[in-house]
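Novice: Model the following, please.
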Amino acid sequence: MNTFQCIGFQASGVAAGLKKNGRNDLGLIVSQVPATAAGVFTQNRVQAAPVVLDRERIKTGVCQAVLVNSGNANCCTGEQGMRDAMEMARLASTALNIPEESVLVASTGVIGQPLPVDKIQKALPSLLQSLRPDGFLMLAEAIMTTDTVPKVVSRKGTLDDKVFTVTGTAKGAGMIAPNMATMLCFVCTDVGANVDQLRHCLYTSVQQSFNRITIDGDTSTNDTALILANGLSGAIIQNPANLAVFQDILNDVLVTLAKMLVKDGEGATKLVEVCVRGAATDRDARKIADTVAGSNLVKTAIFGEDANWGRILAAAGRAGVAFEPERMDIYFNDVLMFSQGSSQGAAVEDEVTKVLKLSEFVITIDLHSGDCQTSVWTCDFSVEYVRINADYRS
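Specialist: Presented below is the predicted three-dimensional model:
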């Protein structure tokens, strides 16, 4: 029995026939009571109908259910797409006997195809019958597209001697880059919080997690991260100290999910943290980290387990940040590969090659220019990534 539960929440997932492979493709989250809610969405100018609808409804700060499908993005589907998104919400509200405005919807999959709402309607009875307190794993499976494993994380915290839980699930394996990505994330917590607190905490956590990952440098049209807080644990955020405790737990959940997304990236075989330290400003550190992590040449070298530090140096040099290469150090885990303007030799390169064979490791770039530091997470770029995306629609 899994431990992915949260007081007052139930979740489920079933196969509605939206995916060609017959796997689960329709998921539902329901709170026992109306929950305080907040959301963060794609920054792409092209936005799917569910995103447009949720952006408007989330302004109320209240949500009691989320209906989500995979296999179809309901994006670039015109006025019919918005009608279909609203119909999804209406069907769920009727089945659950809750206000339509308290239902949010999300979709992921192929862009430009009409959403077969009739299939969703037919699957709703079994979806409701499958609702369980420990149903988050079924939900995680239902929102997968090119993901190979479901992703669920649950953590507990304590506020004034009362225990609360934060449980989150996410999907996304391609079109992933900072500023959100082709990902959906749903977080449920039984803590008590107001809308301003939730919005602040979610935005802060997204900045430290989903906006610090890259798989292929693309971002999409359906990106949605939602958090629902129903307060049924009795733990309430009442002061800044409480808020800090909750923020730490939420950060842990979202960072863990973010790393799981990168590790399960399309065709990925490596999870790599790119850490830039010794920068003059946070902005400088982030620009270099993003440029190195997003470099196709760096990512293909990682896939080939090639200790090609020159590609890292070149990527850092085109990031638009002033630094002195002669002062830079580049480490693979704790092995110093490049220092004071030159390689450390063949023997060291052999040690780095051993690091590159690991499934997870850290590339550290020390600029020796200041005290600022940041990290982002990336993966390798493999032949399998090209195969997956060459025939994605078929």
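Novice: Run through the strands of this protein in chain order.
Specialist: 9-14, 26-41, 62-70, 103-108, 151-159, 162-171, 184-189, 224-229, 271-279, 329-332, 335-339, 342-343, 360-366, 372-379 (DSSP state E).
Novice: okay, the angle between the second one and strand 62-70?
Specialist: In this structure, strand 26-41 runs at an angle of 120 degrees to strand 62-70, with axes from the mean of the first three to the mean of the last three Cα atoms, to 10 degrees as the basis.
Novice: change the start of the numbering to 37 and stick with it
Specialist: All set: I'll call the first residue 37, so the last point we hit is now strand 62-77.
Novice: Pull out the buried positions in strand 62-77.
Specialist: 62-67, 70-77 (16 or more other Cβ atoms under 10 Å). Where C-beta positions appear, they are placed from N, C-alpha and C, glycine not excepted.
Novice: Tabulate the residues you listed in CSV, adding columns for distance to residue 300 and pLDDT.
Specialist: Below are the buried residues of strand 62-77 laid out as CSV (distance: Cβ to Cβ, whole Å; pLDDT from 0 to 100):
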residue, distance to residue 300, pLDDT
62, 21, 97
63, 18, 97
64, 23, 98
65, 21, 98
66, 27, 98
67, 28, 98
70, 33, 98
71, 28, 98
72, 30, 98
73, 27, 98
74, 26, 97
75, 23, 96
76, 21, 93
77, 22, 91
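Novice: For these, work out which two are farthest apart.
Specialist: The distance between the two most remote of those (Cβ to Cβ) is 25.4 Å, for 62 and 72.
Novice: The longest helix seen in the chain to strand 220-225, inter-axis angle?
Specialist: Identified as the longest helix of the chain according to DSSP state H is helix 276-299. Note on geometry: by the same axes, to 10 degrees, helix 276-299 and strand 220-225 are set 150 degrees apart in direction.
Novice: quick one: helix 276-299 to strand 396-402, angle?
Specialist: 110 degrees.
Novice: Distance to residue 341 for the strands of the chain - can I get that in JSON lines?
Specialist: JSON lines is the format used below for the strands of the chain (distance: least, Cβ to Cβ, whole Å):
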{"stretch": "strand 45-50", "distance to residue 341": "37"}
{"stretch": "strand 62-77", "distance to residue 341": "36"}
{"stretch": "strand 98-106", "distance to residue 341": "33"}
{"stretch": "strand 139-144", "distance to residue 341": "32"}
{"stretch": "strand 187-195", "distance to residue 341": "26"}
{"stretch": "strand 198-207", "distance to residue 341": "28"}
{"stretch": "strand 220-225", "distance to residue 341": "32"}
{"stretch": "strand 260-265", "distance to residue 341": "34"}
{"stretch": "strand 307-315", "distance to residue 341": "12"}
{"stretch": "strand 365-368", "distance to residue 341": "11"}
{"stretch": "strand 371-375", "distance to residue 341": "14"}
{"stretch": "strand 378-379", "distance to residue 341": "17"}
{"stretch": "strand 396-402", "distance to residue 341": "11"}
{"stretch": "strand 408-415", "distance to residue 341": "14"}
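Novice: among these, where is the model least confident on average?
Specialist: Note on the strands of the chain: strand 378-379 shows the lowest mean pLDDT, a mean of 87.
Novice: what distance separates it from the middle of the whole chain?
Specialist: 37 Å (Cα atoms, centre = their mean, to the nearest Å).
Novice: Also stretch 176-187?
Specialist: Using Cα atoms, centre = their mean, the offset of stretch 176-187 from its chain centre is 12 Å.
Novice: Stretch 221-238 too?
Specialist: With Cα atoms, centre = their mean, you get 16 Å for stretch 221-238.
Novice: Flag every buried residue along it.
Specialist: For stretch 221-238, by 16+ other Cβ under 10 Å, it's 221-229, 231, 233-235, 237-238.
Novice: go on, stretch 153-161?
Specialist: Buried residues in stretch 153-161 (16+ other Cβ under 10 Å): 153, 155, 156, 159, 160.
Novice: who are the neighbours in contact with the closest residue to residue 70 other than its chain neighbours?
Specialist: Leaving aside its chain neighbours, residue 70 sits nearest to residue 100 (4.8 Å; criterion: Cβ to Cβ, 6 or more residues apart in numbering). Shown in contact with residue 100 (Cβ atoms under 8 Å, 6 or more residues apart in numbering): 66, 67, 69, 70, 71, 132, 134, 135, 138, 139.
Novice: Over to residue 381?
Specialist: Contacts of residue 381 (Cβ under 8 Å, 6+ apart): none.
Novice: on that earlier part again, which of the buried residues of stretch 221-238 lies closest to residue 280?
Specialist: Among the buried residues of stretch 221-238, and counting by Cβ to Cβ, the member closest to residue 280 is residue 237, at 9.9 Å.
Novice: Please look at that closest one and residue 283 and confirm they touch.
Specialist: Yes: between residue 237 and residue 283 a contact is recorded at 5.2 Å, counting by Cβ atoms under 8 Å.
Novice: In space, what's closest to residue 423 - neighbours in sequence excluded?
Specialist: Using Cβ to Cβ, 6+ apart, the closest residue to residue 423 is residue 303 (7.3 Å).
Novice: With pLDDT and distance to residue 348 as extra columns, can I get the buried residues of stretch 153-161 in a markdown table?
Specialist: A markdown table is the format used below for these (pLDDT from 0 to 100; distance: Cβ to Cβ, whole Å):
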| residue | pLDDT | distance to residue 348 |
| --- | --- | --- |
| 153 | 96 | 48 |
| 155 | 96 | 48 |
| 156 | 97 | 47 |
| 159 | 97 | 48 |
| 160 | 97 | 51 |
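Novice: Out of the residues you listed, which is nearest to residue 186?
Specialist: Of these, the one sitting nearest to residue 186 (Cβ to Cβ) turns out to be residue 159, at 18.7 Å.
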